[in-house]
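Novice: Take this sequence and fold it.
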Amino acid sequence: MRVTFSSDPLDFTRRDWTEIARADATATFFQTPRYLKLYWEELGDQAELLLGFAEEEGSTVGAVAFERIGSTIRFLGGTEVTDYMGPVAVPGAEDGMAKELFDALHAVEGWADADLRGLPEDSPWLQRLHDAAAASGLSVEVAEDSVAPFLPLPATFDEYLAGLPGKLRHEIRRKARRLMEETGGYRLVHATAASLPEDLDCFVELHRSSEGPKGKFMQPGMEIFFRRLGEEFLPDGVFRLAFVQIEDTKVAGAIGFSSGGVFSLYNSAYDRGWARLAPGMVLVADLIAEAISGGCRAFDMLKGDLEYKYRFGATPRRVKRLVLRR
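Specialist: Predicted coordinates for the structure are as follows:
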């Protein structure tokens, strides 16, 4: 096996590794070439691209995307919008790819350290990369990146509710009932190809009305990134934009990705004028119900150790980073 690098963005499509990501049980939507290509085009302008490909007997058996900023190498995806990162490989090629990856990186000039984020603590890639980096002579430190609360899903929503502590179960039911009773009813509505531009307008407006740093997140460049995510991934059912709507008013919205049997809650916002009725919490509960009915095995709250996520029964899953020095 041999790992080679390319700095040509055409290789996102020319050497498309979608099928490799599908074959890797640990891979997520964030490690697919379509997502990473879009990230690179919209948010990667301050970095140098470095795509790695593991070749064995004439076939590509693994891939990884890096970005180099100054003398630091990182997994491509930045620190704000890409929750999970790292290599993907076909079964049986993982250990070999990890070893050859660091041997190949030693031959790359101009970097002094690597900050490899987005590695879930339960992913075998974390230990695999740690051991391979250390064996290659690099200094290796395992550090904290974030926490991504995670919720395995049963077969039915009733089973899900029954498995919650009584206080949480009561809270979920009470919030939905109160919203229904005090408003005369609400609807869960989803963006379609036709409604997407207008629905994203609404979501951006809700997001910008948030307090604190969240209200400043959706800058023009970030808004374009979100719009492109919708345009690219809505048609094949991966991108989901849903709202709680009361009469003609959308009072809470959420963006998620449905991929590989996992629904990932990516971003959400709500109208603070309706905060008393907690429409955002009602929306998340409804999305969990939809994920279960759609056959998802897990609901991933993604990065951010926020208290509200645990009110749905999620448990903390730590996300690690490897800090490497030559």
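
Novice: Which parts of the stretch 151-300 of the chain are helices?
Specialist: Listed in chain order, the helices found in the stretch 151-300 of the chain under DSSP state H, counting those that start in this stretch are 157-162, 166-183, 196-208, 214-217, 220-233, 279-293.

Novice: Any idea which of these has the lowest pLDDT on average?
Specialist: Mean pLDDT per stretch puts helix 214-217 lowest among the helices of the stretch 151-300 of the chain, at a mean of 77.

Novice: Could you list the buried residues of it?
Specialist: The neighbour-count check on helix 214-217 (16 or more other C-beta atoms under 10 Å) flags F217 as buried. C-beta here means a position set from N, CA and C on the backbone, and glycine is covered the same way.

Novice: repeat for stretch 239-256
Specialist: In terms of neighbour count (16+ other C-beta under 10 Å), stretch 239-256 has its buried residues at 239-246, 250-256.

Novice: how long is it end to end?
Specialist: Taking C-alpha to C-alpha, to the nearest Å, stretch 239-256 runs 6 Å from one end to the other.

Novice: Same check on stretch 188-202?
Specialist: 15 Å.

Novice: Now do it: everything it contacts.
Specialist: 226-227, 230-231, 234-235, 240-245, 250, 253, 283, 286, 290 (C-beta atoms under 8 Å, 6 or more residues apart in numbering).

Novice: ditto for stretch 165-172
Specialist: Contacts to stretch 165-172, defined as C-beta under 8 Å, 6+ apart, come from residues 161-162, 164, 281, 285, 311-313.

Novice: How much space separates the closest residue to Y160 other than its chain neighbours from E57?
Specialist: What sits nearest to Y160 in space, not counting adjacent residues and going by C-beta to C-beta, 6 or more residues apart in numbering, is P154, at 5.4 Å. Note on P154: its distance to E57, by C-beta to C-beta, to the nearest Å, is 42 Å.

Novice: between the two, which one's more packed in?
Specialist: In this comparison of P154 against E57, neighbours counted by other C-beta atoms under 10 Å, the higher total goes to P154 at 13 against 6.

Novice: what sits against the more buried one?
Specialist: If a contact means C-beta under 8 Å, 6+ apart, then P154 has 160, 163, 292 as its contacts.

Novice: pLDDT score assigned to it?
Specialist: Residue-level confidence at P154 comes out at 98, pLDDT.

Novice: Next, give phi and psi for the one residue sitting closest to the centre of the chain.
Specialist: With the centre of the chain defined as its mean C-alpha position, the nearest residue by C-alpha atoms, centre = their mean is D83, 4.2 Å away. Per-residue torsions, D83: phi -80, psi -40 (degrees, to the nearest 10).

Novice: Might you report the residue contacts of it?
Specialist: Contacts here follow C-beta under 8 Å, 6+ apart; on that basis D83 touches 28, 30, 118, 148, 264, 302-303, 319.

Novice: ok, now E232?
Specialist: Contact criterion C-beta under 8 Å, 6+ apart gives 34, 38, 239 as the residues in contact with E232.
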